[in-house]
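Q: The following block contains a protein sequence and its predicted model.
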Amino acid sequence: MFSDIYRERRVFLTGHTGFKGSWLALWLQKLGATVHGYALPPEDPSLAHWLQLQLPMASTLADIRDAERLGSCLAEFAPEIVFHLAAQPLVLASYRDPLTTWQTNVMGTANLLEACRAAPSVKAVVVITTDKCYENHEWHWGYRETDTLGGHDPYSASKAATELLANSYRQSFSDRSAIGAPPLLIATARAGNVIGGGDWAADRLIPDVARAAKLGKAVEIRNPLAIRPWQHVLESLSAYLLIGQKLWQGEHNVATAWNVGPADEDSASVEQVLRALQANWPAVSWRQIGATAHETNALQLDSSRIRAELGWRPVWRLQQALAQTSYWYRSWTDGKLCSSEQLRQYLDEAQDSGISWVR
């Protein structure tokens, strides 16, 4: 997979204790990479997916805002590829604590990029942002990479600022011939609403559903008609890995921003997602409550560019992604961790479908 470039490659992964980061750590291990994670300790060790996986990898539990600690850790490890996932990832949390959101998402990324700029070993950096980085006009068509960045809430605005920051480093510091280092190629990835097992974040739909279902309660829903581009976590990670591969291979045209979303028909309302979950997971029920803060009603991504230029496309349609997500949480409730099993199934189906990155 990915032309086998990750085998024995040194990969620095921020945010490895989180939802997407733990899945990416698992996949990188399967690819034969030597991984060093850098992240805050998991908020609840009893639920932490990363701890449950028990991966044989180096780990530094520290804050991305600590520039000195981060820089020394990265320099000592001397990675070739960096995936930056560490962030404050929640809209409602950004209302409660906007300064921490800005400091983590913007200055944390600045710390990471500055450390990479000073590390001659680093060739490729993939910075993960979000579909919410666009100035949202409640359009019923997908946002493209060339559309205006913006953001109403502190989280979305901080991610738009992160995109500008990454582009500044990309434009200003790619050429490192003065220190005898290869070009520093930086890409950003703007993923849609990612779902899958192992997510226990507060104020996020699937984790809230899982907690309520386990207790036999109805989950409280703020806006059942809100439309989002839902996709399984493995879909977004396959795109990140593909982008990282292309950057490491020196493809300068890939050092840009990329949308990573599902097929247009797999954008769905919260209510549609809940009904699909309920079909696979009868314990799921919900009731509507009033909104506590501004949230976008409609948001869709146009991911045609990554399909056309990099050959990436989703493996699992929305119904299958929801079925796999339901299965993960139901298995977890029964004391079984099925993450490796689901990754194997995903890879088998990707290979059967002839997707380019499998080769």
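A: The structure has been received and is ready for your questions. Numbering: from 1, shown residues only.

Q: switch to C-alpha atoms for all contacts and neighbour counts from now on
A: Noted.

Q: for this protein, which helix is longest?
A: As assigned by DSSP state H, the longest helix anywhere in the chain is helix 154-173.

Q: Show me what counts as buried in it.
A: For helix 154-173, the neighbour count (16 or more other CA atoms under 10 Å) marks 154-163, 165-167, 169-170, 173 as buried.

Q: for stretch 203-210, same thing?
A: Residues 204-210 are the ones in stretch 203-210 that count as buried (16+ other CA under 10 Å).

Q: what would those residues look like in TSV with secondary structure, pLDDT and distance to Trp281?
A: TSV is the format used below for the buried residues of stretch 203-210 (DSSP: H, G, I helix; E, B strand; the rest coil; pLDDT from 0 to 100; distance: CA to CA, whole Å):
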residue	secondary structure	pLDDT	distance to Trp281
Arg204	coil	87	18
Leu205	helix	90	15
Ile206	helix	91	12
Pro207	helix	91	14
Asp208	helix	91	14
Val209	helix	91	10
Ala210	helix	90	10
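
Q: Would you state the helices of the stretch 1-150 of the chain in chain order?
A: Along the stretch 1-150 of the chain, the stretches classed as helices by DSSP state H, counting those that start in this stretch are 19-30, 49-53, 67-77, 91-96, 98-102, 108-117.

Q: Dump the ones you listed to a markdown table, plus mean neighbour count, distance to Glu43 and mean pLDDT.
A: Formatted as a markdown table, the helices of the stretch 1-150 of the chain follow (neighbours: other CA atoms under 10 Å; distance: least, CA to CA, whole Å; pLDDT from 0 to 100):
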| stretch | mean neighbour count | distance to Glu43 | mean pLDDT |
| --- | --- | --- | --- |
| helix 19-30 | 22 | 12 | 98 |
| helix 49-53 | 18 | 11 | 96 |
| helix 67-77 | 16 | 20 | 98 |
| helix 91-96 | 17 | 14 | 93 |
| helix 98-102 | 19 | 16 | 98 |
| helix 108-117 | 22 | 19 | 98 |
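
Q: Which one, of the ones you listed, ends up nearest to Gly354?
A: helix 19-30 (19.3 Å; CA to CA).

Q: what sits against the residue nearest to Trp281 when sequence neighbours are not counted?
A: Computed as CA to CA, 6 or more residues apart in numbering, the closest residue to Trp281 that is not its neighbour in sequence is Ser326, at 6.2 Å. Contacts for Ser326 were tallied using CA atoms under 8 Å, 6 or more residues apart in numbering; they are 197, 277, 280-281.

Q: Adding secondary structure, write the residues you listed out as CSV.
A: Output for those, formatted as CSV (DSSP: H, G, I helix; E, B strand; the rest coil):
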residue, secondary structure
Gly197, coil
Leu277, helix
Asn280, helix
Trp281, coil
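
Q: and Thr325, what does it touch?
A: 195-197, 232.

Q: Make CSV out of the helices of the stretch 1-150 of the chain and add distance to Phe12.
A: Below are the helices of the stretch 1-150 of the chain laid out as CSV (distance: least, CA to CA, whole Å):
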stretch, distance to Phe12
helix 19-30, 10
helix 49-53, 16
helix 67-77, 7
helix 91-96, 26
helix 98-102, 22
helix 108-117, 10
